[in-house]
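Asks: fold the following.
(3 chains)
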Amino acid sequence: MAIWNNFGMNRRHFLQHVATAAATIPAVNFLSHVQANAAALKSSQKACILMWMGGGPPTIDIWDLKPGSKNGGEFKPIDTAAPGVQITEGMPETAKVFNDLSIIRSMSTREADHGRGRYYMQTSYVPNPTVVHPAFGSVVSFEIGRKRTALQIPAFVSIDGGSGQAGFLGMSHAPFVVDSSGRIRNSPSDEAKSRLPARLAMLKEIEDGFVASKRGELPEAHKDVYSNAVNLMVSPQMAAFDSSRTEAALGLEKESDQIKDAYGRNSFGQGLLMARRLVQTGVPFVEVNMGGWDLHAGVFQALRTQRLPQLDQGISALVTDLKQRGMLDDVVLVWMGEFGRTPRINQDVGRDHWAASWSVMMGGGGLKNGQAIGATDADGIQIADGSKSYLPGDVWATVAHAMGIPVNTVHTSKRGRPMKLANGGTPIQELIG
Amino acid sequence: MAGPGEDFIRLFTQAQRALYLYIMPLVSSSADADEILQETNVVIWSKWSQFTPGTNFVAWGRAIARLEVFRYRRRRDSRLQLLGDDVVELIAEQSAHQISDADQRRDALAECVNRLRERDRELIQRRYNSNVSGDEVAEQLGRPANSVYQSLGRIRRVLMECVRRRLSSAGAAT
Amino acid sequence: MKGKSGEALNQMSGELLELANRYCDQQLTSDDAKRLNDLLRLDSALVALFVEFVQLHGQLAWDAGHGTLSGRGAPANEEFLASCSESVSDVSGQSSAGNRRLSSTVGSMEMARSRSRGLRSYLTASAVACALVTVSILMWQSVSEVAQEAAGKGDIADIRNSSKDVIDKSDSAPLNPVGVVAQSEVGLNPGAGTDQGGASENSVAAASPDESLSSLEAVSDDGDTSDSLVSSGAETQSGSDSRVPVITAEVSSIPDMPTDDYAIIERIDELLAKSWEENGVVASPESEDAEWLRRAYLTFAGRIPSAEECRRYYSATGDRRRRMLVEELLSDARTAENLSVMWVNLLIGRSNPRGVDQAALQAFLMERFQKNEPWIGMVGELIAAEGRSDQNGATNFLLAHLNDQATPATAVTARLFFGQQVHCTQCHDHPFSRDVKQDQFWALNAFFKQTSRELIKVSLPDGTQKDVWKLADSTGGGMTFYETLRGQQKAVLPEFAGHRLTAADGIDRRDELVRLLTTDPDRQVSKAMVNRMWNHFFGAGFTTPVDDMGPHATISHPELLSFLTDAFVQSGYDTKRLMMWIALSDAWHRTSSTNFAGGEVVFEQDNPVTGTEPLFTRVYPRYMVPEQLYDSIRVAIRSVSGQPMESSLGTLHRTEWVKQFVESFGTDDNDERLQFDGNISQALMMMNGEDLEQAISLAVQSLVVPASGKRRTGSECLEQLSMSVLSRKPSESEERAFRNRQRTLVRTLTVEKAMELALEDMLWAYLNSAEFIAVH
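Replies: Reported below is the predicted structural model:
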């Protein structure tokens, strides 16, 4: 191995190519740029709604049941509207709309620790002390949010908690965390609004002085975030967060009690409803959190009485609603947590952390839905022979494809390292057709 | 025999690096060093019959190279005149001594480059791999040229010390 | 003089290499060339150096161009790397450390006059200064002698001789320099070398290693422990009779370790200077007082200084004021409070998902920090705590983490106290550290497996009842079991730092773990605390993240870390001394600004945000943590209003306020996320928070018309604002902005009202600035 190892011609030229692009401008080859533009013409309102199941959902009880196995648990599979695809009996309404949803049953993601798994699933990269990778929502904010100049509210909104971070893309692409009630804490009073311009002018003098003292990224980042916050404060698009408010100009109506009931009067359901409103307003990435999945004990009880009914109602209402509005082809849905749960049922009738073989659900987004892709073995403990296994990067590459983000986009870390979109994952062929 | 034999060719090939390293301190730029080496080679090739097998090929080649350096200096522009003739003589004399352990130095340097911080290694590789100037490296990286030159200087010093260290520890081991 | 010319040559070598470097890059100016010629004519040693350097350049060019260079692909050898960088520093100044140290001694009088920093200048105030510095040299020398070996013995001998001269010349040189320090009202710890009294007060009956190992056996290679399962049982029972674990800050003398604070601080400076030189960076200049003052208050007391505190500091004259402030802050109760809050957050988190007694834990920590109890003792108390959650605050650490077979207790203990991230080895071997195996996690976990908690009802004096937790152990022995992912049962015994407990009954395993901490040859407890404290001061630790110091971790300054680790052990785990060393180190006084000649380059090379290793050429700016922000806003508002500072700001309301930024994941690892990284929600809170708006308006009212009666002028008020919020005077452009605002307002309002509103707006702007929200 030569001392110039790992630095052959290709890599060298590649690096030079990347380095000549400005640090914040992704290097995209010409061809994909053309594709991107074509995609953009087709629709300018692509979006992704991520349903984040914090704690790690037992997908073996939801999307990939194992009747007849000792690991099978208490739920029976039922048929869905998609021929040949079965899901849990606990989600009958979702089963009816499964033509618009799909399951990837052969996720194999190796990180079974909450923090590491969360990071890996959100960013497609395993944690690394030298760089903080952006969650995919921040990538979408960076790639699409910046182009939606009419959008005055943050392009990455997290409802009821946030599990991602903007990493090297910078704080202005960080998730804006709100709760599903639709109230934004500390929104400005009218008086505050009226004094804002004068105050900002004074603030600018202080900020300029501090920026000039060259203390790294913090002062600049602070400025950017403040400008985003100000945009948000003065924007009528704020109405999108609150389903009780109407804002005809945005094409939003006050949501009826009927629709609120349809989504479910719980924070997950109302979060999904808010997500739909945000997407309508042009927000390209919304994460809706449903926590409490770390079911080391009493898993079936929790699923039966609370989890599955809420999921079933929320997901089926969202799919139906998006479809009725003609938005479903533009909005890609992703349902995942940091990992799945052990096929084996433990002594507390719970399931523990399991990353070796589990499922992610996707839907909408113009994908070829109604499929179950990949398979696990009869006991669910490994990917079935002959089945391809998938990584988070493949899921996010599929989302990128659906949203018109060139899959071979490369970002540059603060250190100048090229970072492939979704860690170089490949869109799942069966879904993109 | 119409031309140089196999032994001569082998010695010739082996000497290339040593000659290049001999020339380098006299001219500083690798382009100049390359060119002088080529001219030296032409002369060596033309005088192959004057070489006495069993004597030191590199020393012989060095003498030729030295003359080529001075010829080259005379016909080229002012950048080659930065060092005085007397100083070039001093350097030439010293340079001849210092290439005796070139092989160990090469290995040592390889190790040392491998052990650089990744960032430093990349910088060195950019600079030398395609043999571009510090200005071009700076442009590629979007860094001020000044800072690139400083970094290069620092890395070279680190490497020099690392090589020294390795050589002295290797010397102690044997 | 030979030495003199050697030094001159040295200097010229540096210059020559600089020129040679420019030569390689064709950057020589004609002046440079002239100088280069001169130097080369001067000395053949310089020619040799020149040739060596340019030949290296040639090698790089040749090998790159011809691809003939093949490394042997040898595996990375850290040792070699280290020695490599060591030699770099040695040569760059030619046994630089020694020489520089010597000259600093000889010239200490002059030098001190030219430097404004407190410590050194103070030293020269009296004639003993020279002697003191000399002593530290001698100590330093013995430490670094080994390292110096390669760098030419002659130099060392020279240094020795010269230092001896210095001592001889100095008539008043006392035999016991420590005594001098103590007399001179410095307050620096004299060190254990001459007087161990202070340290041994802290230590409770140091257990001899033999005793403490009574219930242990060394781990044998084959791992077979069956023989000893019974045999050591009886001994153990008697050995662990004392219920209180023997926690000792054993002051084991570490050979060649300086014991006085001066020497330790000097050594820190020395090692950092060495790393700057190796990396070819210059450290940033010394910070302005305003910057440093603010940083010191935020770091120690967890809040900005009040306007009054600023003025008091500025009005003090003399070079000692920084050091005096450090001493004042060290003994201030607010520093203990700040440390205790920091550690409550680390130990059980802000969201308190398991509902333990946060306040009791904080009270426990606060009390210990205030008494400056040895850190290892505090760790021991936390690990071995028993009893009721309300009566023994220390119990709340484990009470918060005993869920899920005490796996969080295991992971958090390892992370916080040992700097080891082992949580992922709960399920499988460490992903990138081959040395950390799954069974190690469970062997540590086994120490906590006897421990249980129960909820009990207790009657309060007023007749009511409340629920409290009780933490207790069974002392039943035996193996403990864990399950692999495949469902296999595996058995382990408690094991730490190479010592495995037997399975015998009657051993309080947590007590044993505490004992083992004190004999741990790796001094993990010290190392982890040193790293965390360094990170607390500089905004970056020696490793990233700060609590991941396992075998795979890259340590930015191994020598410094290990030096401080030893020094901290030797000090008897004296937290305040550790803080003082860092606070008085040269680097911590440098500005966080890179706005100086060459600063861009340094910024580029030393910017840990980008994932490169920190060089500590400056302090790295970061956002305040929510507790710092809360307290700082209060201080600012009170300063503006002219109210005195509260002795304690009270934590109850703050705890609630902070919770709005914390999200508990509700997972088995009790993890939470702090949304306080300068995001939009935070900006909205600062811009629009109703409480803050009201506070601003009230504060400005009492600022304009103070209780004393006389109305203040606009510029007096403005100065009070900027002093209260940013600890400095307003800049010209800020004054201009304020006047402009006043002028606009006065068109529609009375002069008085206009001034008030303009002041409100200005205070708003100051509070919303990055300069305020940053610790820099």
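Asks: show me which residues of the longest helix seen in chain B are buried.
Replies: When chain B is parsed with DSSP state H, its longest helix is helix B:145-173. Neighbour counts over helix B:145-173 (16 or more other C-beta atoms under 10 Å in any protein chain shown) mark B:145, B:147-166 as buried. (C-beta placed from N, C-alpha, C; glycine too.)
Asks: packing partners of that helix?
Replies: helix B:102-114, helix B:118-129, helix B:134-141, helix C:2-24, helix C:44-66, helix C:78-92, helix C:599-605 (3 or more C-beta pairs under 8 Å, 6 or more residues apart in numbering or on different chains; DSSP states H and E).
Asks: please repeat the previous calculation with a cut-off of 10 Å.
Replies: helix B:102-114, helix B:118-129, helix B:134-141, helix C:2-24, helix C:44-66, helix C:78-92, helix C:261-278, helix C:599-605 (3 or more C-beta pairs under 10 Å, 6 or more residues apart in numbering or on different chains; DSSP states H and E).
Asks: alpha carbons of the fourth one, in CSV - could you do that?
Replies: Meaning helix C:2-24. Below are the C-alpha coordinates for helix C:2-24, written out as CSV (Å, rounded to 0.1, in the frame of the first residue of the first chain):
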residue,chain,number,x,y,z
LYS,C,2,29.1,28.0,24.2
GLY,C,3,25.6,27.9,25.5
LYS,C,4,24.9,31.3,24.1
SER,C,5,26.0,30.4,20.6
GLY,C,6,24.0,27.2,20.9
GLU,C,7,21.0,29.2,21.6
ALA,C,8,21.7,31.6,18.8
LEU,C,9,22.1,28.6,16.4
ASN,C,10,18.8,27.4,17.7
GLN,C,11,17.1,30.6,16.8
MET,C,12,18.7,30.6,13.5
SER,C,13,17.5,27.1,12.8
GLY,C,14,14.0,28.2,13.3
GLU,C,15,14.5,31.1,10.9
LEU,C,16,16.2,28.9,8.5
LEU,C,17,13.4,26.3,8.4
GLU,C,18,11.0,29.1,7.9
LEU,C,19,13.0,30.3,4.9
ALA,C,20,13.5,26.7,3.7
ASN,C,21,9.8,26.2,3.7
ARG,C,22,9.3,29.3,1.6
TYR,C,23,12.0,28.1,-0.7
CYS,C,24,10.1,24.8,-1.2
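Asks: what about it, average pLDDT?
Replies: What helix C:2-24 shows for mean pLDDT is 77.
Asks: now that helix: buried residues?
Replies: C:6, C:9-10, C:12-13, C:16-24.
Asks: dump those residues into TSV; add distance to C:Q55 as well.
Replies: Formatted as TSV, the buried residues of helix C:2-24 follow (distance: C-beta to C-beta, whole Å):
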residue	distance to C:Q55
C:G6	24
C:L9	20
C:N10	21
C:M12	19
C:S13	16
C:L16	14
C:L17	13
C:E18	17
C:L19	16
C:A20	10
C:N21	13
C:R22	16
C:Y23	12
C:C24	10
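Asks: ok, so of those residues, who is nearest chain A?
Replies: In terms of C-beta to the nearest C-beta, no member of those lies closer to chain A than C:C24, at 18.2 Å.
Asks: relative to chain B, how far out is the closest one?
Replies: C:C24 sits 6 Å away from chain B when distances are taken as C-beta to the nearest C-beta, to the nearest Å.
Asks: chain center to the helix or strand encompassing B:Y72: distance?
Replies: Using DSSP states H and E, B:Y72 sits in helix B:57-75. Helix B:57-75 has its C-alpha centroid displaced from the chain centroid by 14 Å (C-alpha atoms, centre = their mean, to the nearest Å).
Asks: likewise stretch C:732-745?
Replies: 41 Å.
Asks: buried stuff in that stretch?
Replies: Residues of stretch C:732-745 classed as buried: C:734-735, C:737-738, C:741-742, C:745 (neighbour count, 16+ other C-beta under 10 Å).
Asks: tell me the average confidence for it?
Replies: Rounded mean pLDDT across stretch C:732-745 is 94.
Asks: what does stretch C:590-603 give?
Replies: So the average pLDDT for stretch C:590-603 ends up being 90.
Asks: what angle sits between the longest helix of chain B and helix B:134-141?
Replies: 110 degrees (axes from the mean of the first three to the mean of the last three C-alpha atoms, to 10 degrees).
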